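K.L.:
Got a predicted model here, sequence first, then my questions.
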Amino acid sequence: MSHQPNSLQMKGQGLKTQKPHSQVMELILHLRQIIDEYSRKLKIRHLQEDLEQEKQQRGQDIRDQEAIFVQLLGEVVNLLQAGATSSLEPQLPRLSLDSRGGDGQQAQLPRKPDQLNDQLSDSKTAVVSCDLSNRGIDISASYKSSFKDFIAYIGDKYQEDKNALGFINLGLSENKLCIDLLTERLSQSDMNYIDDDLLQYPDWSGHAFLRKEVARFLTHYCKAPEQLDPENVVVLSGCCAIFSALTLVLCNPGDAFLTITPFYSGFTFTSSLYVNVELIPVYLDSEITGANTQPFQLTVDKLEKALIEAGFKGKKVRGLILINPNNPLGDIYSQDSLKEYLEFAKRNNLHVIIDEIYMGTVFDESIPFHSVLSMESLPDPNRTHVIWGTSKGFGISGFRFGTLYTHNKEVAFAVGAFGFLHGISGITQHKLCRLLQDREWIDNVYLPTNSSRMQEAHKYITNMLKTLKIPFLNRDSGLYIWINLKEYLDPCTFEEEQQLYRRFLDHKLLLAPGKAYKCKEPGWFRITFADKLQRLEVGSGKPREAKTESQNVSCQSNTLQKPLGQTKDQGLRNQRHNPQVMELIMSLQQIIKEYILQLESRHQQEDQQQENLQQEEQRRNQKIRDQEAILVHLMCEVVKQLHSGASSGLELQLPHLSQDSRGGAEGGQQAQSSRESDQLSHQLRNSKPALISRDLSNRGIDISALYQSNFQDHIAYQGDKYDEDNILGFINLGLNENKLCIDLLIERLRRSDMNYINDDLLQYPDWRGHAFLREEVARFLTHYCKAPEQLDPENVVVLNSCASVFLTLTMVLCDPGDAFLIPTPFSSSFSLTSYLYSKVELIHVHLQSEITEANTQPFQLTVDKLEKAMVEAKFKKQKVRGLVLINSNNPLEDIYSRDSLKEYLEFARRHDLHVIIDEICMLSVFDESIPFNSVLSMESLPDPNRTHVIWDTSKGFGISGFHFGTLYTHNKEVASTVGAFGFLHSISGITQHKLCRLLQDREWIDNVYLPTNCSRMKEAHKYITNRLKTMNIPFLNCGSGLYIWINLKEHLDPCTFEEEQQLYCRFLDHKLLLAPGKAYKCKEPGWFRITFADKPQRLKVAMKRFFETLPDVTEDWEKVSMEDVMAETVSFPVH
């Protein structure tokens, strides 16, 4: 091709052609000197700023220690009290988060605003953990406080025949009224279709067929004035995943959203896990007044007031959250009200996130539902974002499906990046598509029946409430009723509300207390009515029992609770036993109270002194730094433009403004413009990523740019794949995907045992994964990892990909700014994962290809290299929390020997490090002479509580489209905390069932799949390596993995990463994707990873394109083509 000779031109020849441009070259050199000097000054100033930040951090550390000390004192009081009396509840003063470091982003112990308060009043919360980070402790505590009763319910559900004493859950918003209809529809033959694309990696925004159907569905049922655009649709694993991704790209850390209270508690938990976005409550009152014509009425005046108060407190409000129909109130906003709220948002430049998940739950036809998508013209369409899912209207919460519709393609693109971590299996997406397509069934069967059953169930519960004379909001939408139990609280406090909630629990009945929804008034509860009548009948007796007990002073069935009819004096009279202990408790309470008051007073004084200066200085510094980045970028662009006109051969080594100079190890967390360690330098070299956006936050801009730079070619491939009908499409040998046995997998997955559906599969699961799947994973790993004893299912966690497991592990084991050692080259997904969420630094242990005395083989990992990296990290004051190993290695293919593994684990134990071992390619060893050694096979691990294994079926079984990943750890504390993330990263119940059946079928695995897969891997590997040998291209030959690590250094001139990128682009020009070494943080340019586990026809076309890209070897193509024909007739597998 015409551009190739220029790119391979000798450097000396290139320089000879530059003589006519001597004046331009002089200008370039002068500009280089200016940039060098400017960058030097920037680094000096930034280092000075970082010293000041370290001083602030030391102060924060002291505050953290004080908070823990107060917490321990509170624990002492609680324990003493538990031994003295069960009736007295010590009201301990609370040390607020604001006195511990502001927004929690800069503090080393990031906590929700009420998290420390919870720990002071709950003796069950863990205070100290040897293995979890401070962030992990907070996540664990938050998860337990939010879901511990749900977990108990999952393990002890009411069943009429099998478990009549189990829990009935009327606190969970779940529609169980039409499971019979859904089971019948989902069992029909059209639902069981499977093809190649459904088993492979999708477009991260969701399969195109599903996004098109979602657009059509919303157009019709939302009564949109025109057809909605599928390009504006994003599909993720649940509405909370959508909410999390939206707030991440619209807000910087510490920004805020207004939210109407009471509101859905899942948003609170979601915002605490990842995004660090504050939810500012706009409180609504139940009392009817001149301003409130109905209970809990939302007005624009209340929104204006909340916005003014937030501004007065220095909060940066980025948006407004609305839920329509409302959860938990059941209110439906009128079209006029909606327009008023949207106009308010427009006036104040706010985004609006509207959750319309309850759109399909309006069961009174006289009450119209108005979707914002039905409006002829939105006040600010680019800042109006709609969330919807099928869990409420269709009652399939177990599908784990949520979707975003936004007119803003920039926002849709950025949110789509999170499909990498929140994807849904292709099989589930197909079933959803078929369900939404079937309008005849929806309109004539499902919707009428669901509406009728909702009316009946609602009537049953409301009649029961009327009989009990319990006030409630009578709304004709939603799956729940908002009931008022204030008269059963004495006094009417949130503490008494919690006591009443506990009495319901004692009777195996779950309701949802108002405090969970941030309701301002104690005594309100949400009760779900969308359940089977038999369960409602059993459950309806339980409120009466709890009520009766609360009114009976002599009832002693629960000695931990104060009876509601009892006065305060009566309660105290019963507590006169253990007077000395009670006196000690009161004395300790007073000491703690005085101590906390002193702390808070001192902290407030310190904060007041720093607040104005700190906030203004941060804004000024961030503004200056952003301007500096833009200025450096523009100067580099000038140099590049001038240079492109002067010469194509001179390589400019421009200085890079490092991340450390922009805020230290935690700079990405503290700075308003959070960027990856090499993100700014990437922007200095690349003018394509946007620097300014009207709608995205700085964090959102970074995410969008990072996603584009990592996945833009994958996106192009998804839209233009090679097949028999598109022979000019892309062939992707850069993606680590096994396509060799799709035929076997499709045949197995189509069998009747795979199509089983029951109630549990369609409902919310245990967030760690369904018990049946975790049990089977434990058995499978025991067998194939050759574990010395049966592995424990309680140590298994199932999430929607290994990337999600890795992310959640780093979240719970590390605080922001902590680090893990990782040998390079390594899987590029780890870098993207750690950047998007966990803010954990990956310290590279660079391995080299050269064989020396220290390296007896290329890219050899030794303990000496790990020790050296550890020393360097300590010198740089980096806090190393662990080591990441990939076995077999990606992209090197190396399999660690048992002795080597033990050495690495002993190194980690000496340094108190966690070890995350990715064994995803365990079943991809195709050379029988090479044993695979799983760490789970070792008789004794050096530090079992800090050794964590990741595995999935995407490589060995070739079903990456299932979006399945699993963790096995001996540390139950880690397993439980990682399980918390199933709320955002879970897999549909149907997919979990299919996985379980697949792993159970050992006969098929051992006698059909594994032998065939191994044979086809050998043949495909042989084919590619023979082609590489013909071309004299060096490569590593290790006998495992789905890929080959090849050396193309001789085709780079000069041998630089810039030339490596040029070669990568030339492969792209020939519609061939390979994976360049720089993506794996390889220290040496010129290495590429090429995947061989593909169908024969694609491999042949791919290698033809490979030859054509390298001009000095194309002359051998005729010979190679003849060899291909001979190979096909002899042994190459045919699918």
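P.N.:
Received, thanks.
K.L.:
quick one, helices of the stretch 851-1000 of the chain?
P.N.:
Remark: helices assigned in the stretch 851-1000 of the chain by DSSP state H, counting those that start in this stretch are 863-875, 898-910, 972-979, 982-985, 989-1000.
K.L.:
Dump the second one to PDB, restricted to CA.
P.N.:
This points to helix 898-910. Only the C-alpha atoms of helix 898-910 are listed here, as PDB (Å, rounded to 0.1, in the frame of the first residue of the first chain):
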ATOM      1  CA  ARG A 898       4.000 -25.800  41.900                       C
ATOM      2  CA  ASP A 899       7.400 -24.800  43.400                       C
ATOM      3  CA  SER A 900       7.200 -21.300  41.800                       C
ATOM      4  CA  LEU A 901       3.600 -20.800  43.100                       C
ATOM      5  CA  LYS A 902       4.700 -21.700  46.600                       C
ATOM      6  CA  GLU A 903       7.600 -19.300  46.400                       C
ATOM      7  CA  TYR A 904       5.300 -16.400  45.300                       C
ATOM      8  CA  LEU A 905       2.800 -17.300  48.000                       C
ATOM      9  CA  GLU A 906       5.600 -17.400  50.700                       C
ATOM     10  CA  PHE A 907       6.800 -14.000  49.500                       C
ATOM     11  CA  ALA A 908       3.300 -12.600  49.900                       C
ATOM     12  CA  ARG A 909       2.900 -14.100  53.400                       C
ATOM     13  CA  ARG A 910       6.200 -12.500  54.500                       C
END
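K.L.:
So for that helix, mean pLDDT?
P.N.:
For helix 898-910, mean pLDDT is 97.
K.L.:
for the third one, same thing?
P.N.:
Mean pLDDT, computed over helix 972-979, is 96.
K.L.:
list the buried ones in it?
P.N.:
Neighbour-count burial for helix 972-979, counted by 16 or more other CB atoms under 10 Å, picks out 973, 974, 975, 976, 977, 978, 979. For every residue, glycine as well, the C-beta is placed using N, CA and C.
K.L.:
ok, the last one to residue 1020 distance?
P.N.:
The span separating residue 979 from residue 1020 equals 38 Å under the rule CB to CB, to the nearest Å.
K.L.:
Could you do the fifth one as well?
P.N.:
Distance, residue 977 to residue 1020, by CB to CB: 41 Å.
K.L.:
Let me see the residues that make contact with stretch 356-368.
P.N.:
175, 221-222, 239, 323-325, 327, 332, 369, 371-372, 386-389, 391-394, 402, 447, 450-451, 454-455, 458, 476-479, 530 (CB atoms under 8 Å, 6 or more residues apart in numbering).
K.L.:
just to revisit the earlier point, reformat the helices of the stretch 851-1000 of the chain as CSV; add distance to residue 596.
P.N.:
CSV is the format used below for the helices of the stretch 851-1000 of the chain (distance: least, CB to CB, whole Å):
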stretch, distance to residue 596
helix 863-875, 36
helix 898-910, 40
helix 972-979, 28
helix 982-985, 33
helix 989-1000, 47
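K.L.:
correct me, but residue 1042 touches residue 734?
P.N.:
No - between residue 1042 and residue 734 there is no contact under CB atoms under 8 Å: 11.6 Å.
K.L.:
The two: which has the busier surroundings?
P.N.:
For the pair residue 1042 and residue 734, the greater number of neighbours falls to residue 1042 (28 against 24), based on other CB atoms under 10 Å.
K.L.:
In space, what's closest to that one - neighbours in sequence excluded?
P.N.:
Among residues not flanking residue 1042 along the chain, residue 1093 sits closest, at 3.9 Å (CB to CB, 6 or more residues apart in numbering).
K.L.:
What of residue 949?
P.N.:
Nearest non-adjacent residue to residue 949, counting by CB to CB, 6+ apart: residue 968, 4.6 Å away.
K.L.:
contacting residues around the one you found?
P.N.:
Neighbouring residues of residue 968 by CB under 8 Å, 6+ apart: 777, 778, 781, 791, 795, 796, 936, 948, 949, 951.
K.L.:
Return the most buried member of the helices of the stretch 851-1000 of the chain.
P.N.:
Most buried of the helices of the stretch 851-1000 of the chain by mean neighbour count (mean count of other CB atoms under 10 Å) is helix 982-985; its value is a mean of 26.
K.L.:
Provide the contact partners of that one at residue level.
P.N.:
147, 237-238, 240-241, 244, 266, 269-270, 273-274, 421-422, 765-769, 797-801, 804, 808.
K.L.:
In ChimeraX, how would I select the buried members of those residues?
P.N.:
The ChimeraX command for the buried members of the contacts of helix 982-985 (criterion: 16+ other CB under 10 Å) is given here:
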select :147,237,238,240,241,244,266,269,270,273,274,421,422,765,766,767,768,769,797,798,799,800,801,804,808
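K.L.:
secondary structure class for residue 1078?
P.N.:
Secondary structure, DSSP: H, G, I helix; E, B strand; the rest coil: residue 1078 is helix.
K.L.:
quick one, what contacts it?
P.N.:
1057, 1060, 1061, 1085.
K.L.:
Would you agree the first one is in contact with residue 1087?
P.N.:
The reference is to residue 1057. No - the pair residue 1057 / residue 1087 is not scored as a contact, 10.6 Å apart, by CB under 8 Å.
K.L.:
So those two - more neighbours on which side?
P.N.:
A count of neighbours by other CB under 10 Å puts residue 1087 above the other of residue 1057 and residue 1087, at 26 against 15.
K.L.:
for that one, which residues make a bridge with it?
P.N.:
On the basis of DSSP bridges, residue 1087 is bridged to residue 1047.
K.L.:
Now list whatever residues contact both of residue 1042 and residue 734.
P.N.:
Common neighbours of residue 1042 and residue 734 (criterion: CB under 8 Å, 6+ apart): residue 1091.
K.L.:
From residue 802, how far out is the residue nearest the centre of the chain?
P.N.:
For the chain, residue 421 is the residue whose C-alpha lies nearest the centre (CA atoms, centre = their mean; 5.3 Å). Here the distance between residue 421 and residue 802 works out to 11 Å (CB to CB).
K.L.:
cool, residue 371 as well?
P.N.:
For residue 371, the distance to residue 802 (CB to CB) stands at 37 Å.
K.L.:
So between those two, which is more surrounded?
P.N.:
When neighbours are counted by other CB under 10 Å, residue 371 and residue 802 differ, and residue 802 comes out ahead with 25 against 20.
K.L.:
all strands for the stretch 301-450 of the chain, in order.
P.N.:
For the stretch 301-450 of the chain, the strands defined by DSSP state E, counting those that start in this stretch cover 317-323, 351-355, 384-388, 402-406.
K.L.:
The stretch 701-850 of the chain now?
P.N.:
With DSSP E, counting those that start in this stretch as the criterion, the stretch 701-850 of the chain has strands spanning 731-732, 796-799, 819-824, 841-846.
K.L.:
Please tabulate the ones you listed in CSV, including the columns mean pLDDT and distance to residue 924.
P.N.:
Below are the strands of the stretch 701-850 of the chain laid out as CSV (pLDDT from 0 to 100; distance: least, CB to CB, whole Å):
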stretch, mean pLDDT, distance to residue 924
strand 731-732, 96, 18
strand 796-799, 98, 21
strand 819-824, 96, 19
strand 841-846, 96, 23
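K.L.:
And these: which comes nearest residue 917?
P.N.:
Taking CB to CB, strand 819-824 is the member of the strands of the stretch 701-850 of the chain nearest to residue 917, at 11.7 Å.
K.L.:
so what does the closest one touch, helix or strand wise?
P.N.:
The criterion is 3 or more CB pairs under 8 Å, 6 or more residues apart in numbering; DSSP states H and E, and the helices and strands that strand 819-824 contacts are strand 841-846, helix 863-875, strand 880-886.
K.L.:
Quick one: list the elements packing against the second one.
P.N.:
When you say that, I think you mean helix 863-875. Using 3+ CB pairs under 8 Å, 6+ apart, helix 863-875 is in contact with strand 819-824, strand 841-846, strand 880-886, helix 898-910.
K.L.:
my guess is residue 248 meets residue 275, correct?
P.N.:
Yes - between residue 248 and residue 275 there is a contact at 5.0 Å, judged by CB under 8 Å.
K.L.:
All set, thanks.
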